[in-house]
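Student: need a structure here:
(2 chains)
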Amino acid sequence: MATSDDPATTVPAPQGAVAARTEARIPAGTGPWRIAARRLRRNHVALGFGALFVVLVAVAMFAPLFAESIAKTGPNTNHLADTIEVDGETVNVVELDGVPIGPQFLAADGRFMLGADGNGRDVMVRLLYGARNSLFIGLTAAVITMVLAVTFGVLAGYFRGWTDAFISRALDILWAFPVLLLGVALGVSLSLGGLDLGFILIEGSSLWIPTLIIGVVGIVYLARPIRGQVLSLREKEFVEAARAQGAGDLRIMFSELLPNLVSTILVFVPVLVANAILLEAALSFLGAGVQPPDPSWGTMLADGIDLLITSPHLTIAPGLMLVLTVLSLNVFGDGVRDALDPRAKVRREP
Amino acid sequence: MAAFVIRRVLAMGFVLFAVSVLVFLIFNVIPNGDPAARMAGKNVTPQVVEAIRVEWGFDKSLPVQYATTMQKLFTGDLVSYDNRVNVVDEIVRGIPRTFALTIGAAIIWLVAGVALGLFTAMRAGHWTDRLVTVLALVGISMPVFWLGALAAYYLGYKAGIFPNGGYSPISEDGLFSWVHHLLLPWVVLATLFIGVYSRVVRSTVLDTINDDYVRTARAKGLPERHVMTRHVLRNSLIPVVTLWGLDFGLAIGGGAILTETVFDLQGVGQYFAESIGRLDVPPVMAVTMFGAFFIVVFNTLVDIVYALLDPRIRLQ
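Tutor: The predicted structure follows:
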């Protein structure tokens, strides 16, 4: 047997066994959702980061209020030739050599708290408005991905045969596309003339274009696991029982299969949002995402990196917001995954 | 097995064909307006636009245009709209740079990811485990171009420890300069993957560490080091190696664009990024094909290796 100084005895049991120990007190008959909620409630780190994300969303919502009453400027308003009062002194917002003012924090009565960018725009205001755009794209794209991926995954797994062959080949093709190249190619070609869907025309500069692209590109990551799960679920006795009772295909898909997929979907949602926000930043950095002058964290980073040597605050501020947001989603997502399904595998992209 | 390989290779061909058609459609059907007019710019006579249209073949039907483009791509005659630079030459020039970046980064992320994963698994629950887990999550959450830009600025420009971007071929300035220029890009590109891999290795090691055969190995008195390397690690590495194959394909096939651009390495990815800004369709198509090729090849290789290891897969 191992002695006390043997590393083997210092290796604790894996998470499964730890969870089993803390759950010994859960009364028999407690539903899986209650158990999951209980696990998540006890994971204070995950909850803390989840709360952080909620705070970030709330802060983004108050962007217009901050812009109007404190910073007294809009996100796209240039102050190239303006001056501000800092501790009684008059300072140019943008120096004659093109270097914008650095972070003022509270020295200028809330104006230019995080400095100005190359066009003399208030970075703090743009950061908050950028948060609205980045979060809108991230959340909406994740919803689009979820709806499309679940639809395709369920159809392919449930009907099998030609439907499955068609959807699976389409996913193979999407899978073979370099994600970033596809996103950039679509972003540029759509921003040229907008997207004309017949019943609705989306302008080239609309936020919906990057949102749709990011939503569609993400489908493969969720559709494949869903399809696999449906393939095994459809053979289960409860599906057979429903069919014997005369339930049609739609009813089986909605009332029998879908409820069983919810935990898989929930595990993916925070990661989908996080990946969508990162992809938005990458697309905007390459000029194929949010179109200027609209702010998003990605466009702000792209602008900032050009001026990195003279004004590093333009790169650091949006980057930190981005990291904080994505990190909060990732940590919270980890907690959700541990609570619902400790063995789920989630794939990530560069 | 032979049938499986043939099936996979045929599927690969089909997928690549579909990718090329899709890229072609993205640039020739989606954008509203006339490509010839866009190339000609503003304030030109209709005759000029018409000449461009005929010269570049925009007056032909879409299938003919597609066939001509693909034919030129494979014979190496494809030229860009901008300055008529030969696209295939440009890609060939970028390949050593892109490969140097991705191969180096892939080695770093595999070694560091496995080492950190093993380290944290053996100390699961210890504060070092928690610290590394948090750092791994931070690494996963950072946009690679942001990390790259800050690294190039603080360690390159300000501290002067590393050059501020650029690529230095071995044949010109020797091995040291080559490594010196690539070290930061390698680490930056590897960071995200180190985060992912350390977590994957940690969880697979923790899964196998309680398996019966590991207990047997300990029971028969094998030294701990032996148990960890030969029994636990060897079995936990199978998912890691397949993941590595897929990610390497992804990195060569487009994942390295941002790193190349931020560090000005002038590789294939940066060529793509610069062409897209000029709406230069031929290079964009060619680089996308190039990227899809590597992704599909590595997917297929991983499938075949997996089928060799696990005979059940061949029957699917």
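
Student: Helix, strand, or coil at A:Glu235?
Tutor: Going by DSSP: H, G, I helix; E, B strand; the rest coil, the secondary structure assigned to A:Glu235 is coil.

Student: Any idea how many residues pack against it?
Tutor: 9 (other Cβ atoms under 10 Å in any protein chain shown). C-betas here are computed from N, CA, C, even on glycine.

Student: what do you get for A:Ser255?
Tutor: With other Cβ under 10 Å as criterion, A:Ser255 counts 11.

Student: again with B:Thr75
Tutor: Using other Cβ under 10 Å, B:Thr75 is surrounded by 9 other residues.

Student: That one and chain A, how far apart?
Tutor: Going from B:Thr75 to chain A by Cβ to the nearest Cβ, to the nearest Å gives 23 Å.

Student: For that residue, give me the pLDDT.
Tutor: Listed pLDDT for B:Thr75 reads 87.

Student: again, but for B:Met70
Tutor: Listed pLDDT for B:Met70 reads 87.

Student: Also A:Gly16?
Tutor: A:Gly16 is given a pLDDT of 46.

Student: Tell me which helix or strand the most centrally placed residue in chain A sits in.
Tutor: Nearest to the mean C-alpha position of chain A, by Cα atoms, centre = their mean, lies A:Val273 at 2.1 Å. Using DSSP states H and E, A:Val273 maps to helix A:258-285.

Student: From the contact counts, what lies against that helix?
Tutor: helix A:123-159, helix A:179-193, helix A:208-217, helix A:219-233, helix A:297-306, helix A:313-340, helix B:144-151 (3 or more Cβ pairs under 8 Å, 6 or more residues apart in numbering or on different chains; DSSP states H and E).

Student: for these, which one sits closest to B:Leu279?
Tutor: helix A:179-193 (6.7 Å; Cβ to Cβ).

Student: roughly how far is the very next helix or strand once past that closest one from the heart of the chain?
Tutor: Per DSSP H and E, helix A:179-193 leads on to strand A:195-196 as the next helix or strand towards the C-terminus. Relative to its chain's centre, strand A:195-196 lies at 25 Å (Cα atoms, centre = their mean, to the nearest Å).

Student: Mind listing the strands strand A:195-196 pairs with, and their directions?
Tutor: Looking at strand A:195-196 with DSSP bridges, its partner strands are strand A:201-202 (antiparallel).

Student: Could you give the average pLDDT over the partner strand?
Tutor: Mean predicted confidence for strand A:201-202 is 80.

Student: repeat for stretch B:234-254
Tutor: Stretch B:234-254 comes out with an average pLDDT of 86.

Student: got the buried residues for that stretch?
Tutor: For stretch B:234-254, the neighbour count (16 or more other Cβ atoms under 10 Å in any protein chain shown) marks B:235-237, B:240, B:242-254 as buried.

Student: again with stretch A:90-98
Tutor: Quick answer for stretch A:90-98 (16+ other Cβ under 10 Å): A:Val91, A:Asn92, A:Val93, A:Val94.

Student: ditto for stretch A:128-136
Tutor: For stretch A:128-136, the neighbour count (16+ other Cβ under 10 Å) marks A:Leu128, A:Tyr129, A:Gly130, A:Ala131, A:Arg132, A:Asn133, A:Ser134, A:Leu135, A:Phe136 as buried.

Student: what about dumping the CA coordinates of that stretch to CSV?
Tutor: Extracted as CSV, the C-alpha positions of stretch A:128-136 are listed here (Å, rounded to 0.1, in the frame of the first residue of the first chain):
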residue,chain,number,x,y,z
LEU,A,128,-20.1,51.9,-22.9
TYR,A,129,-21.8,52.2,-26.3
GLY,A,130,-19.3,49.6,-27.6
ALA,A,131,-20.4,47.3,-24.8
ARG,A,132,-24.0,47.6,-26.0
ASN,A,133,-23.0,46.6,-29.6
SER,A,134,-20.6,43.8,-28.5
LEU,A,135,-23.0,42.4,-26.1
PHE,A,136,-25.9,42.7,-28.5
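
Student: got the contact list for B:Thr204?
Tutor: Listed by Cβ atoms under 8 Å, 6 or more residues apart in numbering or on different chains, the contact set of B:Thr204 reads B:Ser236, B:Pro239, B:Val240.

Student: Now the second one: closest residue in space, sequence neighbours ignored.
Tutor: Meaning B:Pro239. B:Thr204 (5.9 Å; Cβ to Cβ, 6 or more residues apart in numbering or on different chains).

Student: Am I right that A:Ala302 is in contact with A:Gly287?
Tutor: Yes: with contact defined as Cβ atoms under 8 Å, A:Ala302 reaches A:Gly287; the gap is 7.2 Å.

Student: neighbour count winner among those two?
Tutor: A:Ala302 (23 against 19).

Student: Next one: that one from A:Ala281, what distance?
Tutor: For A:Ala302, the distance to A:Ala281 equals 9 Å [Cβ to Cβ, to the nearest Å].

Student: Spatially central, which residue of chain B would that be?
Tutor: Short answer for chain B (Cα atoms, centre = their mean): B:Ala251, at 1.3 Å.

Student: Contact partners for the closest residue to it other than its chain neighbours?
Tutor: Residue nearest to B:Ala251 in three dimensions, not counting chain neighbours: B:Thr102, with 4.6 Å by Cβ to Cβ, 6+ apart. Residues near B:Thr102 by Cβ under 8 Å, 6+ apart: B:Leu189, B:Phe248, B:Ala251, B:Ile252, B:Gly255, B:Ala256.

Student: what do you get if the cut-off is 6 Å, keeping everything else the same?
Tutor: If a contact means Cβ atoms under 6 Å, 6 or more residues apart in numbering or on different chains, then B:Thr102 has B:Ala251, B:Ile252, B:Ala256 as its contacts.

Student: what number of residues lie near the last one?
Tutor: Yep, that's B:Ala256 we're talking about. 29.

Student: picking that back up, could you check how far the residue nearest to the centre of chain A is from chain B?
Tutor: Between A:Val273 and chain B the distance, using Cβ to the nearest Cβ, works out to 12 Å.

Student: Buried residues, stretch B:30-50. List them.
Tutor: Result for stretch B:30-50 [16+ other Cβ under 10 Å]: buried residues B:Ile30, B:Pro31, B:Pro35, B:Ala36, B:Ala37, B:Met39, B:Ala40, B:Val49.

Student: mind listing which of those residues are in helices?
Tutor: B:Pro35, B:Ala36, B:Ala37, B:Met39, B:Ala40, B:Val49 (DSSP state H).

Student: quick one: the fifth one and B:Glu50 touch, right?
Tutor: No: B:Ala40 lies out of contact with B:Glu50 (Cβ atoms under 6 Å); the separation is 9.5 Å.

Student: Pick the one among the buried residues of stretch A:90-98 closest to chain B.
Tutor: Distance to chain B across these (Cβ to the nearest Cβ) is lowest for A:Val94, with 20.8 Å.

Student: mind checking pLDDT for that closest one?
Tutor: 81.
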